[in-house]
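>>> Below is the structure, and that's it, no one-letter string:
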């Protein structure tokens, strides 16, 4: 109509862009406020966990000017950029084309072409998993999500036809009308399903990744630090200037009645290829009696024994991946006593080195090349038949002379770590829940627009005898159908994306199993169906309250 009364293409484009600019500014402002509140809430929730875990108090979030500028540019810029193509398309529509009832056919042709392109992207993304490259796997995951989003609108109608059968059993004729409404405007339905899919896919993928990460850390925790007692500094951030004790501390621990095998951990810093790396010193003769490694393929406990045979070292997966190392390969380290050549005895991970580039060598090498002779961690086993309470009391007397250290029984220390994991997962769940809100808003928006667009149709239904309850049930059925389809797509996309993210982390050197997110998948289904109900409440109430006569006069 605007084009018919003389509006030019540039005018139409400017209208769209001005609207997008206003929405971008408003949304960015609300997003910044919400993000600020979430950041403070996250820090308040994490503070007691961090303090109990590493005995350090953390401050609050830091918002730099760059943070504000980046948020504003992205929030406003992306919104305006997203409006450019629709604005151009609207500007190119002639008055006659706008009045022809053929836009649905044009849309179906466009969606069909995009679906084939999307299918090609999905297939292409699968090859990323076969490369083992974290960059290609991550890029492939993004390509998969884009491809799947392009395919989804094309299959909404066929899937709606199939999924509507149980819905029609629940909602009878209202369910059939809801299905026809959805299929009659596949464009709007496809956009909504895609929005729901992306929101729920992010939930499933994030839960998959977090579940796998914690499963990996739990495995490391079970295999490493398996001694009966741990004597740990107040802050266990190894590599960050921890206090240490001289060799006499471990000697006093060994002298305690009831104590058997004792082994210690020493720490130094080195440079390798221009980057910093922490180097642990272990005693090859006693280390495996109190701890263990989670070995990569091709490595075994024999690597620990080899450390006593000269300048040999064990690398964790992160360091080995970053430097493309294989067992037996030479490694140049810049030490306080000059550059030294070591050889790689094996690749293994444990709980302490899972997050940073780390090397292990013998304590003899650490003393010779790094001048390090102090212990930052002491691990001890209790002898068979020794009384646990008596042994702990005697150990506590020794530790009392070293106030920087704390005495733990390994089981209680593991339980404390698991409690920390559980608390952290709860916080992650809250953050993940925030990702679902755009899906709910997309459903509400689509249903509200659908009610407005079908005002006259709803008036006709009311005029021929449809009750307000039937109108509400019709809108509710349409919302549930959209949410069920979006939930199904979101679950599939999220599972693949989560697997790709875990595989990408393996490519970075984090050897961890993929844990199928049963709880996350269940939560996604519940959230999806719940959103279908919640999103329909407002639009259904509005539709039921429409005045019949006014609705029939609506053009």
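Sure, I can see it. Treat the numbers as computed from the prediction; the structure is a model and nothing was measured.

>>> Which of the three states applies to residue 408?
With DSSP: H, G, I helix; E, B strand; the rest coil as the basis, residue 408 sits in strand.

>>> Wait, it touches residue 227, no?
No - assessed by C-beta atoms under 8 Å, residue 408 is found out of contact with residue 227, at 10.0 Å. For every residue, glycine as well, the C-beta is placed using N, CA and C.

>>> higher neighbour count, those two?
Neighbours were counted for residue 408 and for residue 227 using other C-beta atoms under 10 Å; residue 227 has more, 23 against 17.

>>> what comes into contact with stretch 407-414?
For stretch 407-414, the external contacting residues (C-beta atoms under 8 Å, 6 or more residues apart in numbering) are 221-222, 225-232, 392, 395-396, 399, 416.

>>> Quick one, which of the residues you listed are buried?
221, 225, 226, 227, 228, 229, 230, 231, 232, 392, 395, 399 (16 or more other C-beta atoms under 10 Å).

>>> Give me the subset of the residues you listed that lies in strands.
If you go by DSSP state E, the buried ones among the contacts of stretch 407-414 have 229, 230, 231, 232 in strands.

>>> what residues are up against the first one?
Translated: residue 229. Residues near residue 229 by C-beta under 8 Å, 6+ apart: 259, 379, 380, 381, 382, 392, 395, 407, 408, 409, 410.

>>> same question, the last one
Going by C-beta under 8 Å, 6+ apart, residue 232 touches 377, 405, 406, 408, 413.

>>> mind checking which helix or strand residue 333 is in?
strand 330-335 (DSSP states H and E).

>>> Who are the packing partners of the helix or strand following that strand?
Sequence order places strand 338-349 as the next helix or strand after strand 330-335, per DSSP H and E. On a contact count with 3 or more C-beta pairs under 8 Å, 6 or more residues apart in numbering; DSSP states H and E, strand 338-349 meets strand 294-295, helix 302-306, strand 312-315, helix 317-322, strand 330-335, strand 358-362.

>>> In a markdown table: these, plus distance to residue 179.
Converted to a markdown table, those look like this (distance: least, C-beta to C-beta, whole Å):
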| stretch | distance to residue 179 |
| --- | --- |
| strand 294-295 | 52 |
| helix 302-306 | 63 |
| strand 312-315 | 59 |
| helix 317-322 | 51 |
| strand 330-335 | 64 |
| strand 358-362 | 58 |
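
>>> Please, where are all the helices along the stretch 451-555 of the chain?
Secondary structure of the stretch 451-555 of the chain by DSSP state H, counting those that start in this stretch: the helices cover 455-463, 468-507, 518-544, 548-552.

>>> Now do the buried residues in stretch 323-333.
323, 327, 331, 333.

>>> Stretch 499-517 now?
If you call a residue buried by 16+ other C-beta under 10 Å, then stretch 499-517 has these buried ones: 499-507, 509-512, 514-515, 517.

>>> Mean confidence (pLDDT) on the one helix or strand residue 377 maps to, please.
Element membership for residue 377 (DSSP H and E) is strand 375-382. Averaging pLDDT along strand 375-382 gives 92.

>>> Which other helices and strands does it contact?
Other helices and strands packing on strand 375-382, by 3+ C-beta pairs under 8 Å, 6+ apart, are strand 229-233, helix 247-254, strand 259-272, helix 287-290, helix 388-399.

>>> relative to strand 259-272, how tilted is it?
150 degrees (axes from the mean of the first three to the mean of the last three C-alpha atoms, to 10 degrees).

>>> what's the angle between strand 375-382 and helix 388-399?
Between strand 375-382 and helix 388-399, the angle comes out at 160 degrees (the same axes, to 10 degrees).

>>> Apart from its neighbours in sequence, what residue is nearest residue 91?
residue 9 (3.6 Å; C-beta to C-beta, 6 or more residues apart in numbering).

>>> burial of the one you found, as a residue count?
Neighbour count of residue 9, defined by other C-beta under 10 Å: 15.

>>> any idea how far residue 20 is from it?
To residue 20, residue 9 is 17 Å away according to C-beta to C-beta, to the nearest Å.

>>> ok, now residue 384?
From residue 384 across to residue 20, the span is 74 Å (C-beta to C-beta).

>>> between the two, who's got more neighbours?
residue 20 (20 against 7).

>>> re earlier: tabulate the helices of the stretch 451-555 of the chain in a markdown table, adding columns for mean pLDDT and distance to residue 350.
Output for the helices of the stretch 451-555 of the chain, formatted as a markdown table (pLDDT from 0 to 100; distance: least, C-beta to C-beta, whole Å):
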| stretch | mean pLDDT | distance to residue 350 |
| --- | --- | --- |
| helix 455-463 | 77 | 65 |
| helix 468-507 | 84 | 17 |
| helix 518-544 | 80 | 27 |
| helix 548-552 | 66 | 69 |
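
>>> Please parse the protein into its domains.
Using automatic domain parsing, the domain parsing of the chain gives 1-100, 156-223+410-555, 235-403.

>>> I'd like to know how many residues surround the spatially closest residue to residue 487 that is not a sequence neighbour.
Distance criterion C-beta to C-beta, 6+ apart; nearest residue to residue 487, sequence neighbours excluded, is residue 528 at 3.0 Å. Look at residue 528: counted by other C-beta under 10 Å, it has 28 neighbours.

>>> wait, residue 528 sits on residue 199?
No - counting by C-beta under 8 Å, residue 528 sits too far from residue 199 to count as a contact (9.3 Å).

>>> contacts for stretch 375-391?
Contacts for stretch 375-391 (C-beta under 8 Å, 6+ apart): 225, 227-233, 238, 242-247, 249-250, 253-254, 256-267, 289-291, 352, 395, 405.

>>> Provide a PyMOL selection command restricted to the buried entries of the contacts of residue 232.
Buried residues among the contacts of residue 232 (16+ other C-beta under 10 Å), as a PyMOL selection:
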select buried, resi 377+405+408+413
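
>>> Can you lay out the contacts of residue 232 as JSON lines showing distance to residue 126?
Converted to JSON lines, the contacts of residue 232 look like this (distance: C-beta to C-beta, whole Å):
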{"residue": "377", "distance to residue 126": "44"}
{"residue": "405", "distance to residue 126": "51"}
{"residue": "406", "distance to residue 126": "49"}
{"residue": "408", "distance to residue 126": "46"}
{"residue": "413", "distance to residue 126": "43"}
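
>>> Would you mind measuring from residue 511 to residue 322?
14 Å.

>>> repeat for residue 74
Using C-beta to C-beta, residue 74 is found at 30 Å from residue 322.

>>> what about the two, which has more around it?
Applying other C-beta under 10 Å to residue 74 and residue 322 shows that residue 322 carries more neighbours, namely 16 against 13.

>>> Which residue, other than its chain neighbours, is closest to the more buried one?
Of all residues not flanking residue 322 in the chain, residue 357 sits nearest, at 6.4 Å (C-beta to C-beta, 6+ apart).

>>> confidence score at that neighbour?
Here the pLDDT value assigned to residue 357 is 85.

>>> how many other residues sit next to it?
Neighbours of residue 357 (other C-beta under 10 Å): 21.

>>> Same check on the one 10 residues further on?
Under the neighbour criterion other C-beta under 10 Å, residue 367 is assigned a count of 14.

>>> Please apply the same query to residue 243.
13.

>>> relative to strand 229-233, how tilted is the longest helix anywhere in the chain?
Counting by DSSP state H, the longest helix found in the chain is helix 9-54. If you take the same axes, to 10 degrees, helix 9-54 sits at 120 degrees to strand 229-233.
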